[in-house]
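Peer 1: Provide a 3D model corresponding to the input given below.
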Amino acid sequence: MNYRRFMHGAKFWIWVVLFVAYSAGAVGVVLIDTFEDRYRALSKITLTTVKSDADLRRAGATQAAAVYRAQSGMPFNTLQPGSSFQIVWPDGSVETVTVVDPSSPLGTEPLKGSVVEAE
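Peer 2: Okay, here's the model as predicted:
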C-alpha cells in the first residue's frame, strides 16, 4: 500500500517537473516572421533567404531584431547579446541566429546547422 502511494506521488511530480521544464523552454524561444507587415518592407529582408550571402542574412536578421526590440515593452532587455532567436525569411526558410552586438549593422551570427530550407 505504501509503495503504491509512493509511486503515484512520484509519477505526479515527474509530470509536474516535465511540464515546468517544457513551459520554461517554450517561453524562451523568440520567432520573428519576416512576412509580417512590420518586417516585410525592411530593405535588408525583402529578398533574403537562407541561400543568400551570409552578410546579407546577418544584416537582415539584425534589422529584424532591431524592429522587434523597438516594439517590445522592454527595448533594452529584449534580445540582449548572447540571446538566440529564430527568423523566418520571406520565402519560408528558417534559421536560428545569435545576437552578438545590437549596435552593429552586422550584429547577429547565424548558428551553423540551424538552416531549414523552404519547401
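
Peer 1: Could you pull up phi and psi at E109?
Peer 2: phi -140, psi 120 (degrees, to the nearest 10).

Peer 1: Three-state assignment for the residue most central in space within the chain, please.
Peer 2: Averaging the C-alpha coordinates of the chain gives a centre point, and the residue nearest to it by CA atoms, centre = their mean is F85 (2.1 Å). With DSSP: H, G, I helix; E, B strand; the rest coil as the basis, F85 sits in strand.

Peer 1: now swap in E95 and tell me
Peer 2: Three-state call for E95 (three-state DSSP): strand.

Peer 1: just checking, it touches Q86?
Peer 2: Yes. Between E95 and Q86 there is a contact at 7.2 Å, judged by CB atoms under 8 Å. Backbone N, C-alpha and C define where each C-beta goes, glycine included.

Peer 1: anything in contact with each of these two?
Peer 2: The contact sets of E95 and Q86 overlap at S114 (CB atoms under 8 Å, 6 or more residues apart in numbering).

Peer 1: Which one's more surrounded, those two?
Peer 2: A count of neighbours by other CB atoms under 10 Å puts E95 above the other of E95 and Q86, at 20 against 17.

Peer 1: Could you confirm S114 falls within a strand?
Peer 2: No. With three-state DSSP as the criterion, S114 is located in coil rather than a strand.

Peer 1: If the closest residue to it other than its chain neighbours is in a bridge, with which residues?
Peer 2: In space, not counting the residues next to it along the chain, S114 is nearest to T96; the distance is 3.7 Å by CB to CB, 6 or more residues apart in numbering. According to DSSP bridges, the partner residues bridging T96 are Q86.

Peer 1: and the residue nearest to F85 when sequence neighbours are not counted, how many neighbours?
Peer 2: Of all residues not flanking F85 in the chain, V30 sits nearest, at 3.9 Å (CB to CB, 6+ apart). Using other CB under 10 Å, V30 has 17 neighbouring residues.

Peer 1: next one: A65
Peer 2: 22.

Peer 1: Many thanks, have a good one.
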